[in-house]
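Enquirer: Kindly generate the corresponding structure for this input.
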Amino acid sequence: MDDTGRIRRPLTPTARRIVFGRAAPEAPELALVSQVDRAHLVMLAERELVDRRAAAALLAEIEGLRAARFAPLDGAEARRGRYLLYEDWLADRLGERTAGLLRTGRSRNDLNATVLRLRLRPPVSRLLTETLRLQAALLAGARRHAATVMPAYTHYQPAVPTTYGYHLAGVARAVDRDLEALAAAAAGIDTSPLGAGVGHGSALPIDPARTAALLGFERPAPHALDGVASRDVVLRLLAAAAVFGVTASRLAADLLLWTTAEFALLELPDELVGSSSAMPQKRNPFLLEHVKGRSARAAGAFVAAATAMHAAPFANSVAVGTEGCAGVVEALDATADCAALLRLVVAGARPQPAAMLARATAGHTTATAEAERLMIDDGLSFREAHHIVGRRLTEGAPPGSKAPADPAGVARAARFGGGPGAPPAIEDLRRHRAAEAADLAGRRRHWHRADLDLAAAVARLLAADGAGPVAAAAGSRA
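Expert: Have a look, this model is predicted:
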């Protein structure tokens with residue numbers, strides 16, 4: 001029941017999907033394998049390395065399987081894995097000789113390395129998207145709350161006056177560096193290993209640049225062994241995601257503390273809190289707890305991947321290509337979840353300016369400014385002024401003889417060293433964010449165009465060899 005009495009509106013749909021799960025994709029690995037097969041067969045036929053009619057027959061069967069979401073394979077015993085079950089099905093339908101054409105100029109080694117990069121596209125794209133959205137929410141909050149005075153905390157104690165917007169802007173800068181690292185790591189999925197074979201190329205005149213283009217890669221791998229043996233793209237993505245996870249967890253820790261009744265600096269709407277099955281008064285900011293816990297998954301996956309790959313021979317390796325990569329998609333998705341949940345909380349949290357200012361005042365956050373004023377007005381060293389202000393506070397006396405500084409004025413006066421009184425330096429972040437968003441949009445358009453080009457190439461090959469209805473179906477699905 002969504003209405004608990006205390007909480008009247010349901011959890012936001014994005015948070016509900018992240019926290020309570022989403023449907024798993026159908027046959028994802030075979031969809032990617034067959035995508036590679038389509039590009040490979042088109043290239044082999046264009047290079048006249050295989051009989052065009054045989055290639056068309058294979059493509060027709062593959063198109064049929066893809067249209068049926070590989071349902072004909074359901075229920076069959078995959079004694080040697082789902083991929084070989086798929087190959088065996090094609091052999092049963094067309095014969096070993098025709099089905100065996102798929103292995104021309106190719107190995108399971110470069111196939112697996114290529115499929116991994118294709119499999120990484122959705123989670124990498126989603127992680128970048130959600131992190132960009134989080135940064136947008138942080139920047140919007142930084143501008144909206146630039147003058148909302150609150151105490152800065154060190155060791156969980158009030159320290160100096162600052163603003164809520166200034167705090168959000170600081171996190172936005174850290175997220176900007178995380179975005180830069182994620183984008184740099186994501187560049188590793190733009191190179192196609194297809195054509196590397198077992199790791200030492202091929203004597204057949206294949207065209208790796210053609211298959212790379214048909215699959216939406218920017219380029220083929222320039223070195224076959226590196227293309228097959230390396231999985232450092234996984235390590236770099238996980239490392240960047242792990243660092244972002246640290247940033248996310250630290251922001252979540254701040255927001256979680258500030259929503260407590262004891263601090264009461266932020267309020268969350270019904271859509272971002274949960275209730276208790278036993279305590280009707282509770283309004284639990286549990287989304288932030290999910291962020292704190294889930295943000296560690298990338299770090300754990302990185303350790304697992306690096307440990308699996310450590311000291312493995314620099315060649316095709318199960319320890320590297322299979323075990324080392326096993327947790328990457330889940331970890332990237334979990335990190336994207338953290339960005340999405342944080343974005344919801346940052347955008348939906350309602351600062352309480354009166355409570356914030358009261359805490360800044362009661363916490364004597366202007367004490368440092370008072371010591372600086374004594375230093376300037378009375379010619380004292382800051383060490384001496386620090387001692388005087390501290391003693392007066394201990395004795396319960398006003399910090400200084402003049403009118404006490406107000407927290408808002410102190411925050412405005414902190415113009416130097418990048419303090420909250422300086423003009424908000426966020427326009428460079430907005431420009432950088434726009435550039436990163438444009439790069440991601442361009443990458444997605446490139447993938448989409450490649451999908452269309454591959455579908456058209458498949459349709460042409462099928463039509464040229466008399467498979468008109470299948471070709472038409474392939475074109476319509478594209």
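Enquirer: What sits closest to T162 if chain neighbours are left out?
Expert: Leaving aside its chain neighbours, T162 sits nearest to A152 (4.0 Å; criterion: C-beta to C-beta, 6 or more residues apart in numbering). Heads up, the C-betas are built off the backbone N, CA and C, glycines and all.
Enquirer: The helix or strand where R443 lies: which residues count as buried?
Expert: For R443, the host element (DSSP states H and E) is helix 427-464. Neighbour-count burial for helix 427-464, with 16 or more other C-beta atoms under 10 Å as criterion, is recorded at 429, 433, 436-437, 440, 443, 450, 453-463.
Enquirer: Point to the residue nearest the middle of this structure.
Expert: L127 (2.0 Å; C-alpha atoms, centre = their mean).
Enquirer: need the contact list for that one.
Expert: 182, 241, 332-333, 335-336, 339 (C-beta atoms under 8 Å, 6 or more residues apart in numbering).
Enquirer: Pull up the gap between it and V291, please.
Expert: Distance of L127 to V291, given as C-beta to C-beta, to the nearest Å: 14 Å.
Enquirer: burial of the residue lying closest to G418 once chain neighbours are set aside, as a residue count?
Expert: Once flanking residues are discounted, G418 sits nearest to A425: 7.4 Å by C-beta to C-beta, 6+ apart. Neighbour count of A425, defined by other C-beta atoms under 10 Å: 11.
Enquirer: could you pull out the strands for the stretch 51-200 of the chain?
Expert: Secondary structure of the stretch 51-200 of the chain by DSSP state E, counting those that start in this stretch: the strands cover 149-154, 157-163, 191-192.
Enquirer: List of residues touching the last one?
Expert: If I follow you right, that is strand 191-192. Outside of strand 191-192, the residues within contact range by C-beta under 8 Å, 6+ apart are 114, 117, 208, 211-212, 215, 217-221, 227.
Enquirer: Can you report how many residues lie near C325?
Expert: If you count neighbours by other C-beta under 10 Å, C325 ends up with 23.
Enquirer: Next SSE downstream of the helix or strand harbouring G390?
Expert: Using DSSP H and E, G390 maps to helix 382-395. Heading C-terminal from helix 382-395, the first helix or strand you meet, by DSSP H and E, is helix 407-413.
Enquirer: Can you give the distance of that next one from its chain's centre?
Expert: When distances are taken as C-alpha atoms, centre = their mean, to the nearest Å, helix 407-413 is centred 37 Å away from the chain's centroid.
Enquirer: Could you check it and say which residues are buried?
Expert: Within helix 407-413, the residues that count as buried by 16+ other C-beta under 10 Å are 407-408, 410-412.
Enquirer: Could you list the low-confidence segments of this protein?
Expert: Scanning the chain for pLDDT under 70 picks out the ranges 1-2, 21-27, 78-80, 399-403, 466-478.
Enquirer: and with 80 instead?
Expert: Applying pLDDT under 80 to the chain flags the ranges 1-6, 16, 19-28, 76-81, 398-404, 424-425, 465-478.
Enquirer: Could you double-check that D232 lies in contact with G188?
Expert: Yes: the criterion here is C-beta atoms under 8 Å, and D232 meets it with G188 at 7.1 Å.
Enquirer: Tell me the one of the contacts of L127 nearest F20?
Expert: Among these, D333 lies closest to F20 (C-beta to C-beta), at 14.5 Å.
Enquirer: what's the neighbour count on that closest one?
Expert: 20.
Enquirer: what helix or strand is it on?
Expert: D333 belongs to helix 328-348 when assigned by DSSP H and E.
Enquirer: buried sites along that helix?
Expert: Within helix 328-348, the residues scored as buried using 16+ other C-beta under 10 Å are 328-329, 331-346, 348.
Enquirer: and it, what other elements does it pack with?
Expert: Here helix 328-348 touches helix 13-20, helix 108-144, helix 232-258, helix 286-294, helix 297-309, going by 3 or more C-beta pairs under 8 Å, 6 or more residues apart in numbering; DSSP states H and E.
Enquirer: Quick check: which of those helices is nearest to R47?
Expert: It's helix 108-144; of the helices and strands packed on helix 328-348, that one is closest to R47 (C-beta to C-beta) at 16.5 Å.
Enquirer: And that closest one, what's buried?
Expert: Neighbour-count burial for helix 108-144 flags 109-121, 123-142 (criterion: 16+ other C-beta under 10 Å).
Enquirer: just the angle between that helix and helix 328-348, please?
Expert: Calculated by axes from the mean of the first three to the mean of the last three C-alpha atoms, to 10 degrees, helix 108-144 forms an angle of 10 degrees with helix 328-348.
Enquirer: Give me the angle between helix 108-144 and helix 232-258.
Expert: Using the same axes, to 10 degrees: helix 108-144 against helix 232-258 is 30 degrees.
Enquirer: Helix 108-144: how far from the chain's middle?
Expert: Relative to the centre of its chain, helix 108-144 is centred 4 Å away, using C-alpha atoms, centre = their mean.
Enquirer: now swap in stretch 235-244 and tell me
Expert: Its chain's C-alpha centre and that of stretch 235-244 lie 9 Å apart, by C-alpha atoms, centre = their mean.
Enquirer: can you list contacts of it?
Expert: 120, 124, 127, 131, 175, 178, 181-182, 184-186, 188, 295, 298-299, 301-302, 305-306, 309, 328, 331-332, 335, 339.
Enquirer: One more pass at 6 Å, please.
Expert: Contacts to stretch 235-244, defined as C-beta atoms under 6 Å, 6 or more residues apart in numbering, come from residues 178, 181-182, 185, 298-299, 301-302, 305, 332, 335.
Enquirer: Skipping adjacent residues, who's closest to T368 in space?
Expert: V160 (5.6 Å).
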